[in-house]
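Trainee: Structural data only, the sequence is not supplied:
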């Protein structure tokens, strides 16, 4: 700035000399000699603008990595002849979030990441391997019946080890069901203690009355007459349709990173953090009701990844002194943390801060306040967001 001022003054003085025919240059020389002092005294001290380096160069053409939040257009869902009323209901519930996620991914998709996807692994978290072979067979039978919303009975006499072994199995199966079958866990509970049923000899042979209203919780079960099996079936089928619909609209040709991003963006747009609904801990509460806490977010994301055949697991911990749950995903560079609950609290899925808890290493998550106590540890080091350069 000072250089420009100096040059302008010199030009004026030269013009002055030419116009008024000054034969001597002494006057001009004197002015030139003291001019820097005049500029330093009278002109504001403007900071010099450094030459931009590679990382500071603005990406005005909209290429990644972004230096500013990009503009996001609108996406209109295609017209559709719905197969049945349930599909229409699912569309009314989730299509708004799908449309927003599609508009985001069109701008935010990042070709710098690998296209390699790792398939879903039921035992990624190591829960299924807790069963013996005979226990696993009974667990599979429970899952198959629960998906059909059918009664399922186990007699003490048919279970290896009798009543005591059956009691132990149900406690174990309840934990595995909650982690590996969050859809079923939205309407079926194997938790004996919360039911206040301590007569184990009769409880363990009857599962029919453990189905409950997915819009509420296990306190509204078939056994007390507050909900019918038809209502339970409708809720279960609706959740399944919503999950399938999200995955059906996933764009083709995405990197593995962007597949995980699309699913997280749908969830982030659909769900608001809310402790009040009875269903807030379930995948149903997140994807159908649109209100959930961290457990609901994590369960819903797990369901979406499973439907999309993407590797996914859980992580549990106590950030800032409170219980918390999130997910782990797998890329060719390692296993990373994804906390859609915290992403959602930081902003929209196309904003820089939203990415602070999406596909991050253990080191980053520990620094951010996540204190993991259980679940699959991260092994990946770094995968850049659309706002970061690849190192």
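Mentor: Received it, and whenever you're ready, just let me know what you need. Just so you know, these numbers come straight off a predicted model, no measurement behind them.
Trainee: for residue 304, phi and psi?
Mentor: Here is the backbone geometry of residue 304 (degrees, to the nearest 10): phi -60, psi -40.
Trainee: Correct me if wrong: it contacts residue 263.
Mentor: Yes: between residue 304 and residue 263 there is a contact under Cβ atoms under 8 Å: 4.4 Å. Any C-beta I mention is one placed from the backbone N, CA and C, and that applies to glycine too.
Trainee: Report the set of residues contacting both of these two.
Mentor: Any residue near both residue 304 and residue 263 by Cβ atoms under 8 Å, 6 or more residues apart in numbering counts here, and that gives 246, 247.
Trainee: Do I have it right that residue 391 meets residue 381?
Mentor: No: taking contacts as Cβ under 8 Å, residue 391 lies outside contact range of residue 381: 9.6 Å.
Trainee: Show me which of those two is the more surrounded one.
Mentor: residue 381 (13 against 6; other Cβ atoms under 10 Å).
Trainee: could you list every residue that touches that one?
Mentor: Under the criterion of Cβ under 8 Å, 6+ apart, the neighbours of residue 381 are 333, 334, 361, 363.
Trainee: Tell me which residues touch the third one, please.
Mentor: Contact partners of residue 361, counting by Cβ under 8 Å, 6+ apart, are 334, 336, 337, 378, 380, 381, 382.
Trainee: mind checking how far the second one is from residue 246?
Mentor: Meaning residue 336. With distances taken as Cβ to Cβ, to the nearest Å, residue 336 is found 21 Å from residue 246.
Trainee: And the first one, by the same measure?
Mentor: From residue 334 over to residue 246 the distance is 26 Å, taken as Cβ to Cβ.
Trainee: Same question for residue 189.
Mentor: Shown here: residue 189 relative to residue 246, a distance of 25 Å by Cβ to Cβ.
Trainee: Settle it for me: which of these two has more neighbours?
Mentor: More neighbours surround residue 246 than the other of residue 189 and residue 246, with 26 against 20 (other Cβ under 10 Å).
Trainee: For that one, which non-adjacent residue is closest in space?
Mentor: Distances taken as Cβ to Cβ, 6 or more residues apart in numbering place residue 266 nearest to residue 246, at 5.3 Å, with adjacent residues excluded.
Trainee: Who does the helix or strand harbouring residue 335 pair with, and is each partner parallel or antiparallel?
Mentor: For residue 335, the host element (DSSP states H and E) is strand 334-338. On the basis of DSSP bridges, the sheet neighbours of strand 334-338 come out as strand 324-331 (antiparallel), strand 358-360 (antiparallel).
Trainee: Give me the contact list for the first one.
Mentor: For strand 324-331, the surrounding residues in contact (Cβ under 8 Å, 6+ apart) are 113-114, 116, 118, 124, 256-257, 260, 294-295, 297-298, 301-302, 305, 310-318, 335-342, 357, 359, 370, 375-376, 378, 380, 383.
Trainee: With the shortest one instead?
Mentor: Contacts made with strand 358-360 from outside it, assessed by Cβ under 8 Å, 6+ apart, are listed as 257, 260-261, 264, 329, 331, 336-340, 343, 368, 380, 383, 385.
Trainee: At which residues are the helices of the stretch 101-250 of the chain located?
Mentor: Chain-ordered helices for the stretch 101-250 of the chain, with DSSP state H, counting those that start in this stretch as the definition, fall at 133-147, 162-180, 192-195, 200-203, 229-248.
Trainee: and these as CSV, adding mean pLDDT and distance to residue 104?
Mentor: Below are the helices of the stretch 101-250 of the chain laid out as CSV (pLDDT from 0 to 100; distance: least, Cβ to Cβ, whole Å):
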stretch, mean pLDDT, distance to residue 104
helix 133-147, 93, 32
helix 162-180, 87, 29
helix 192-195, 46, 39
helix 200-203, 47, 47
helix 229-248, 97, 14
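Trainee: among those helices, which is nearest residue 105?
Mentor: Between residue 105 and the helices of the stretch 101-250 of the chain, the shortest separation by Cβ to Cβ is 12.4 Å, and it involves helix 229-248.
Trainee: Check which helices and strands that closest one is in contact with.
Mentor: Here helix 229-248 is seen to pack against helix 85-108, helix 256-270, helix 283-284, helix 294-307 when contacts are counted using 3 or more Cβ pairs under 8 Å, 6 or more residues apart in numbering; DSSP states H and E.
Trainee: again, 7 Å this time
Mentor: Secondary-structure packing of helix 229-248 (3 or more Cβ pairs under 7 Å, 6 or more residues apart in numbering; DSSP states H and E): helix 85-108, helix 283-284, helix 294-307.
Trainee: Quick check, residue 380 in contact with residue 336.
Mentor: Yes: with contact defined as Cβ atoms under 7 Å, residue 380 and residue 336 form a contacting pair (4.5 Å).
Trainee: Looking at the two, which one has more neighbours?
Mentor: A count of neighbours by other Cβ under 10 Å puts residue 336 above the other of residue 380 and residue 336, at 25 against 19.
Trainee: what pairs with that one across the strands?
Mentor: Residue 336 has the following beta-bridge partners by DSSP bridges: residue 329.
Trainee: give the contact list for it.
Mentor: Residue 336 makes contact with 328, 329, 359, 360, 361, 378, 380, 383, according to Cβ atoms under 7 Å, 6 or more residues apart in numbering.
Trainee: Using JSON lines, lay out these together with distance to residue 108 and pLDDT.
Mentor: Formatted as JSON lines, the entries for the contacts of residue 336 read as follows, by distance: Cβ to Cβ, whole Å; pLDDT from 0 to 100:
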{"residue": "328", "distance to residue 108": "22", "pLDDT": "98"}
{"residue": "329", "distance to residue 108": "17", "pLDDT": "98"}
{"residue": "359", "distance to residue 108": "13", "pLDDT": "98"}
{"residue": "360", "distance to residue 108": "16", "pLDDT": "98"}
{"residue": "361", "distance to residue 108": "20", "pLDDT": "98"}
{"residue": "378", "distance to residue 108": "23", "pLDDT": "98"}
{"residue": "380", "distance to residue 108": "20", "pLDDT": "98"}
{"residue": "383", "distance to residue 108": "14", "pLDDT": "98"}
